[in-house]
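**Student:** Prediction below, plus the sequence it came from.
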Amino acid sequence: MIARLLAFLAVLYGLGFALFAVTLGTPADAETPKVDAIVAITGGKGRIEHAVELMAEGRAKRLLIAGADPSVRKADLVRRLHAPRQLFECCVDLGSESVDTRSNAEEAKRWLERRRYKSVRLVTSDWHMRRARYEFNRHLDDDIEIIPDAVRTEPNFMTLFAEYNKYVLRRLSVWLDI
């Protein structure tokens, strides 16, 4: 009986991973309406670049780059991204309070509440979107609309495997309240 249960759980885990791997986050539609804010989570190639591009197009009022290293300054990003200095001065905030996806959501919640924003475009990598969206849905109030906007990547097997395990473990820890 125990062997059958373990075999069933192993098959369920494997099917879950396969489903996870083929249903990665997707970019937002080009017709996605303007939002109050954009939150870009650091840690993956193309995330900040995409968020800054959206800001330059006028797709939001303000941008939070969540999880920024405390030593990074706006001037550093302006130089690295060849972005308009005025855009960073008026409309970009560097959040350095968070260190993981859960604390990114907590940091974004405080930032959104201070500004009374009701819609946010969440920018992160395609392989990271499911867990990021889960955390943002858990932490943000129900009246805040979240529009996922995944940056396309070519994740390798280990990236997908590690992210799937983080996602499953996070869901389990919330379910078990630990």
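**Tutor:** Structure's in. What do you need?
**Student:** Sketch out the low-pLDDT regions of the chain for me.
**Tutor:** Along the chain, no part satisfies pLDDT under 70.
**Student:** Could you rerun that using 90?
**Tutor:** Along the chain, the model assigns pLDDT under 90 to residues 1, 30, 178.
**Student:** Tell me the buried residues in whichever helix or strand Glu53 is part of?
**Tutor:** Using DSSP states H and E, the element containing Glu53 is helix 47-56. Residues 47-52, 54-55 are the ones in helix 47-56 that count as buried (16 or more other C-beta atoms under 10 Å). Heads up, the C-betas are built off the backbone N, CA and C, glycines and all.
**Student:** next one: stretch 10-22
**Tutor:** By 16+ other C-beta under 10 Å, the buried positions in stretch 10-22 come out as 17, 20.
**Student:** related to what we said a few turns ago, CA atoms of the following helix or strand past the helix holding Glu53 as CSV?
**Tutor:** Later in the chain than helix 47-56, the nearest helix or strand by DSSP H and E is strand 60-66. Provided in CSV are the C-alpha atoms of strand 60-66 (Å, rounded to 0.1, in the frame of the first residue of the first chain):
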residue,chain,number,x,y,z
ALA,A,60,2.5,53.2,-16.1
LYS,A,61,2.9,56.2,-13.7
ARG,A,62,5.8,54.7,-11.7
LEU,A,63,8.2,51.7,-11.5
LEU,A,64,9.5,49.8,-8.5
ILE,A,65,12.5,47.7,-9.1
ALA,A,66,12.1,45.3,-6.2
